[in-house]
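Chemist: Structure here, sequence nowhere to be found:
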């Protein structure tokens, strides 16, 4: 299967073949383009950039100013009185007969527009989430705390060591009788052995 050449490359080839003496008709047949395209390539070295498509009209467009007005009012309203997406949708239906729009469309618009409204009003940047990135075997999370277990019918206080790799989420757990530093180190040694990692002198590698 042959892939079409980029239009800029076709223009360059058309101009090259024209200088070599090929006619416009021959060039059009060779590259399977119209005579108008050949003429355009001979007039200018690069094709005109594609025009950006206008955004598609949405049924929500006529209601967006109303939603924005509600969100601006929320800037000075107590937290419990601010509009949720569900409340905005209900008001649009009840007060403005917006029967043809769906709750999902309203919710999606409110989700991104609320932050923009705050920025436009000078109320600070919108809430943002920074994705975490972990490399394999580089980082882990450790929890060490007391836990109550039942042994021979009696409740006994022990200590649970939990070791979880940040990249894969694989975890190792070990219940220990004490909660001292030696038990903490023992939990690491056990986790590294189970996971196939380096043990060495554990006391010198953990701060």
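Modeler: Ah, there it is. This structure is a prediction, so every number in the text was calculated from the model and none was measured. Numbers count the residues shown, from 1 in each chain.
Chemist: Below-threshold pLDDT in this protein: ranges please.
Modeler: By pLDDT under 70, the low-scoring segments of the chain are 1-5, 52-55, 124-133, 197-207.
Chemist: Residue 68 - how many residues pack around it?
Modeler: 17 (other Cβ atoms under 10 Å). Where C-beta positions appear, they are placed from N, C-alpha and C, glycine not excepted.
Chemist: same check, this time on residue 168
Modeler: Applying other Cβ under 10 Å, I find that residue 168 has 12 neighbouring residues.
Chemist: can you give me phi and psi for it?
Modeler: phi -90, psi -20 (degrees, to the nearest 10).
Chemist: Might one say that it is in contact with residue 136?
Modeler: Yes - under the criterion of Cβ atoms under 8 Å, residue 168 makes contact with residue 136 at 7.1 Å.
Chemist: which stretches of the chain form helices?
Modeler: For the chain, applying DSSP state H gives helices covering 7-19, 24-31, 35-43, 64-74, 85-96, 103-120, 181-195, 202-205.
Chemist: residues in contact with the residue nearest to residue 138 when sequence neighbours are not counted?
Modeler: Once flanking residues are discounted, residue 138 sits nearest to residue 167: 7.2 Å by Cβ to Cβ, 6 or more residues apart in numbering. Shown in contact with residue 167 (Cβ atoms under 8 Å, 6 or more residues apart in numbering): 134-139.
Chemist: again with residue 35
Modeler: Here residue 35 is in contact with 24-25, 28 (Cβ under 8 Å, 6+ apart).
Chemist: I only care about the residues you listed that end up buried; give me the PyMOL line for that.
Modeler: Only the buried entries of these go into this PyMOL selection, using 16 or more other Cβ atoms under 10 Å:
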select buried, resi 24+28
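Chemist: right, and out of the contacts of residue 35, which lies closest to residue 9?
Modeler: Checking the contacts of residue 35 against residue 9 with Cβ to Cβ, the nearest one is residue 28 at 16.2 Å.
Chemist: Surely the closest one touches residue 38?
Modeler: Yes - Residue 28 is within contact range of residue 38, at 5.2 Å (criterion: Cβ under 8 Å).
Chemist: Quick check: residue 14 vs residue 51, distance?
Modeler: Distance from residue 14 to residue 51, counting by Cβ to Cβ, to the nearest Å: 22 Å.
Chemist: the more surrounded of those two?
Modeler: Counted by other Cβ under 10 Å, residue 14 and residue 51 do not tie: residue 14 has more neighbours, with 23 against 6.
Chemist: what's the nearest residue to the more buried one if we skip its chain neighbours?
Modeler: Nearest to residue 14 is residue 41, by Cβ to Cβ, 6+ apart, at 4.1 Å.
Chemist: ok now do the one you found, which residues does it touch?
Modeler: Contact analysis of residue 41 by Cβ under 8 Å, 6+ apart lists 10-11, 14-15, 47.
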